[in-house]
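Asks: all I have is the shape, not the residue letters:
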């Protein structure tokens, strides 16, 4: 096997990619991880709801993970961006931003997603710190505090049920005309959950810790935490360029064994699951590593013709 040839290329070296690489490294599979070091949770101060790692910073977890994976000599790392790809007779060829070309018979996409943050002053500075996406990841730390949900319709109603268990002081900020059914509105009123339709002008904060939300009519509403359901896009365009289907929600479509709709390509982590957590990413990567190793074994463990 040539220097730039691998059995598996993993696009993305965060939790899911590292976990897959560990499983493959322990099976002595020649594996390359390509990662540019820009995870979507880089601004989040602490990671939670991950057994043995609860309260660690995302960087602590990923740094330790990389150090452990680096011990497996068949796994290589490249700090670069996987820019383009093409199918070859033997699998796939990946060209990086720096112009390097690598090939493999299997491809694991663990590149995550990219949040599409609204152009509201202060939102980006608070994202991942006090404007958060997941009650399971962050809810305990904001329990009992004055809380808002920045969402509308079904997403807002779904979040309301989860967050209502954590605080009794809850307001939904729809940032425009509310889109709830009559039954949903009755449910929200019954639980004293306010709905504010006025557009948001600014998230006032101190170093990312939200203090209040300023509305377009000049009113100020104080909050300690905001749950935001915002849109996303795939962080890497490679799956789409190779023909992988996406779900209506925008995730890479996979089956129960993490195969995409294109043979030889697998996906794991945030790019293919709405369960957006470090623990889920690690579990998915571990599983897909075993699946890919099994597929390679099946192909290679054959009597010669």
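Replies: Nice, I can see it. Computed from a predicted structure; not experimentally measured.
Asks: looks like residue 285 contacts residue 110 (just checking).
Replies: Yes: taking contacts as C-beta atoms under 8 Å, residue 285 lies within contact range of residue 110: 6.3 Å. Placement of C-beta: from N, CA and C, glycine included.
Asks: anything in contact with each of these two?
Replies: 16-17, 20, 268-269 (C-beta atoms under 8 Å, 6 or more residues apart in numbering).
Asks: would CSV of those residues with secondary structure be doable?
Replies: CSV is the format used below for the shared contacts of residue 285 and residue 110 (DSSP: H, G, I helix; E, B strand; the rest coil):
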residue, secondary structure
16, helix
17, helix
20, helix
268, coil
269, coil
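Asks: pipe these into TSV and attach distance to residue 71, neighbour count and pLDDT per row.
Replies: Output for the shared contacts of residue 285 and residue 110, formatted as TSV (distance: C-beta to C-beta, whole Å; neighbours: other C-beta atoms under 10 Å; pLDDT from 0 to 100):
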residue	distance to residue 71	neighbour count	pLDDT
16	19	34	97
17	16	31	97
20	16	35	98
268	21	31	98
269	22	33	96
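Asks: for the residue nearest the centre of the chain, which residues are in contact?
Replies: Most central in the chain under C-alpha atoms, centre = their mean is residue 270, positioned 3.2 Å from the mean C-alpha point. Each residue near residue 270 by C-beta under 8 Å, 6+ apart is listed here: 16, 40, 112-113, 276, 281.
Asks: what do you get for residue 153?
Replies: Residue 153 sits in contact with 179-180, where contact means C-beta under 8 Å, 6+ apart.
Asks: please report phi then psi for it.
Replies: Phi and psi for residue 153, reported as degrees, to the nearest 10, are phi 60, psi -140.
Asks: quick one: it from residue 88, how far?
Replies: For residue 153, the distance to residue 88 equals 44 Å [C-beta to C-beta, to the nearest Å].
Asks: please apply the same query to residue 127.
Replies: 39 Å.
Asks: now residue 123
Replies: In terms of C-beta to C-beta, residue 123 sits 43 Å off from residue 88.
Asks: cool, and residue 76?
Replies: Applying C-beta to C-beta to residue 76 and residue 88 gives a distance of 20 Å.
Asks: more neighbours: those two, which one.
Replies: Using other C-beta atoms under 10 Å as the criterion, residue 76 and residue 88 rank with residue 76 on top: 18 against 11.
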